[in-house]
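Colleague: build the 3D model from these lines:
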Amino acid sequence: MSDRTDALSKFLQEDLNGLLDPYQLNFTFNGTGPIWPDATPQQYQAFSLGRALLKKFNEKPSPSEEACTVALTKFLSVNDKCGKFAMEPADIRDEELINGVKDVMYRFWYTDGETPLVSDLTQLYEAGRLGSGMNRFARGSDLYTKIWDSPLSATSQGLLLSWQKLCERDVRWANAERHRRKLHGTHIVAGNKLSFVNKNVTTARCISTEPTVNMWFQLGLEELMRDRLRSMFRIDLANQQEINKVLARRGSRTGRFATIDLESASDSVSVGLVKEIAPSSMYRWLDLLRSPKVLLPNGREHVLEMISTMGNGYTFPLETLIFTAVVVTAYRHHGIHPVFGGKPMKRNLGVFGDDIIVDERAYRTTVRLLGLLGFKVNSDKTYESGPFRESCGGDYVNGRHCRGVYVKSLHTKQDIAVAINLLNRWSAATGIYVPKAVQYLRKLGSTLLVPPCSNDDSGVHVPLDTARGLQHLGHGILRYKKWVAKAATLLVTKEGAIVMECKEPERNVNPEGLELAFLHGDIRGYRMALRQRVVRYITKHKIISNWDNLSPQCRALRLDWRRWSDAVYYNFNL
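Modeller: Below you'll find the model as predicted:
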């Protein structure tokens, strides 16, 4: 990859030499298979670090042509598979399982047995919003620009007319929309637009840019589905990841739970599948808001056989719902009572997107039902037996944390600081110190020393007694330097003009749009924050009175101050 990554890998191998023999080191850093079956917990941890360290490393701002080709080929292959989907139950047992999924989907959509979750577009409009990404024909990524200073796009004239009619209910929205329409007009498009972002050196990740109006309504439906998941299954997508981690830890210690991961899960929810298992009313809403076609990078349009892509606003809650229905049905088949609420330690299932945790008694039935619905289990990341479990970024062996560290870049001083902080926390969590790797990173460039409660990219986290260059202001207050990301903003003057403070397309003044953006919270202190592709940093002075408070990341790993500080002392060779 580069001289820096080669050297970092070499020093890490030297650090792990006491735990792994030469064959195991070579297998860890160069192999592709699973860990050896008689590995100790510490060997699991060392193996995970060696495999993960440079797995996502990529310093280029955009993926290579070869990586994009690999991603596009996979996307089209999965889409083609969706087009060939057919429900093929082998016996009456399979039919019962499929009917069980349909029953859960029906009860989810009809909240009281008769009233559907969505009955008109007004509900979606009122619950709608836009995300932080781009939309088709949008001139920027901020809310004001996307809604009130860009051409609006939709997949049908009906959706566009409904949007305009709903805007008429509020005089400010109505005036802002008329002003926008006069400046930019509208576009009816066939669907979304495919593009690529970095995943790793060899493979890119496909993302789809949705039409603006569709996205607003999609995220409105997403909000209603999140609420329904919370009320029916006690699955709160805001904190379900942490619950899955608790269950994965329990599974690794007791063997009671299996963790399941799927290949291209979000892209494998086919139109045919949703027609089969969802109530007709639900399917019609999903179909109305989706993009039926995708615009490929070569300029050709391709029919989408998947119900939604990564980029569609309702993709994640929809797949969470489907997989929850699968697990609940499998539990019923085995007479297992699903426990949704209460403390994480009391629950017996967890679903967050395609991260699925099930009772081991229902594992094979769950896998069978997933296959009937057109999903393929990723055998490399699925664990039914043995001491290892993985879910939602939590890797555990016999109840012990063993997730590795991903160094994505070493291009800037901030990248180096992030890598050092990650390795020090990993050492504190595992008790395995990596001084040669950390000291090599420290030699790559000067770094600021900051409190452990700071962001990872603000400097290197150190205990107070090792910090240098601090200014004591009295009463235990310290002044120090840290890196702070420089925000890209647009300035809105008191006269209502927009002043460009960065390299962005010129913005037009839409008075009612500016007022609505202010009320939404998009404008603060006369400035609109913009999304940055390349983050730029400045050095700022900060003050603090509680230097040795640990970061939320340390608390998530159940680290106390002594374990963390010992790891820093040892890795820094102090």
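
Colleague: what about the stretch 201-350 of the chain, any weak spots by pLDDT?
Modeller: Within the stretch 201-350 of the chain, no range satisfies pLDDT under 70.

Colleague: ranges for the helices of it?
Modeller: Secondary structure of the stretch 201-350 of the chain (DSSP state H, counting those that start in this stretch): helices at 212-233, 240-254, 271-277, 280-289, 315-334.

Colleague: so which of those is nearest Thr28?
Modeller: When these are compared for distance to Thr28 using CB to CB, the nearest one is helix 240-254, at 19.8 Å. The way it works is simple: take the backbone N, C-alpha and C, and place the C-beta from them, glycine included.

Colleague: tell me what angle that closest one forms with helix 315-334.
Modeller: Angle between the axes of helix 240-254 and helix 315-334 is 40 degrees (criterion: axes from the mean of the first three to the mean of the last three CA atoms, to 10 degrees).

Colleague: contacts for helix 240-254, please.
Modeller: The contact list for helix 240-254 (CB atoms under 8 Å, 6 or more residues apart in numbering) reads 256-259, 344-345, 347, 349-352, 355, 357, 360, 383, 387-400, 556.

Colleague: can you name the element that comes right after the helix or strand of the chain with the lowest mean pLDDT?
Modeller: Taking mean pLDDT, DSSP states H and E as the measure, the helix or strand of the chain with the lowest value is strand 498-500, at a mean of 73. Next in sequence after strand 498-500, counting helices and strands by DSSP states H and E, comes helix 511-520.

Colleague: just the CA atoms of that next one, as PDB, please.
Modeller: Once side chains and other backbone atoms are set aside, the C-alpha atoms of helix 511-520 remain, and they are given as PDB (Å, rounded to 0.1, in the frame of the first residue of the first chain):
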ATOM      1  CA  PRO A 511     -36.500  35.100   1.800                       C
ATOM      2  CA  GLU A 512     -39.100  32.700   3.100                       C
ATOM      3  CA  GLY A 513     -36.800  29.800   2.500                       C
ATOM      4  CA  LEU A 514     -34.100  31.400   4.700                       C
ATOM      5  CA  GLU A 515     -36.800  32.000   7.400                       C
ATOM      6  CA  LEU A 516     -37.800  28.400   7.300                       C
ATOM      7  CA  ALA A 517     -34.200  27.200   7.400                       C
ATOM      8  CA  PHE A 518     -33.600  29.400  10.500                       C
ATOM      9  CA  LEU A 519     -36.700  28.000  12.200                       C
ATOM     10  CA  HIS A 520     -35.500  24.500  11.300                       C
END
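
Colleague: so what touches that helix?
Modeller: By CB under 8 Å, 6+ apart, the residues outside helix 511-520 that reach it are 142-144, 147-149, 172-173, 175-176, 179-180, 492, 496, 523, 528.

Colleague: try it again at 6 Å.
Modeller: When contacts are taken as CB atoms under 6 Å, 6 or more residues apart in numbering, the neighbours of helix 511-520 outside the stretch itself are Leu143, Tyr144, Trp148, Arg172, Asn175, Ala176, Ile523.

Colleague: select only the buried ones of the residues you listed in ChimeraX?
Modeller: The buried subset of these, as determined by 16 or more other CB atoms under 10 Å, is captured in ChimeraX by this line:
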select :143,144,148,175,176,523
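
Colleague: quick revisit: of the contacts of helix 240-254, buried ones?
Modeller: 257-259, 344, 347, 349-352, 355, 357, 383, 387-392, 394-398, 400.

Colleague: run a quick neighbour tally on Glu65.
Modeller: Neighbour count for Glu65, taken as other CB atoms under 10 Å: 10.

Colleague: same question for Glu114.
Modeller: Neighbouring residues of Glu114 were enumerated by other CB under 10 Å; the total is 6.

Colleague: check which helix or strand it maps to.
Modeller: Going by DSSP H and E, Glu114 is not part of any helix or strand.

Colleague: no more questions from me, cheers.
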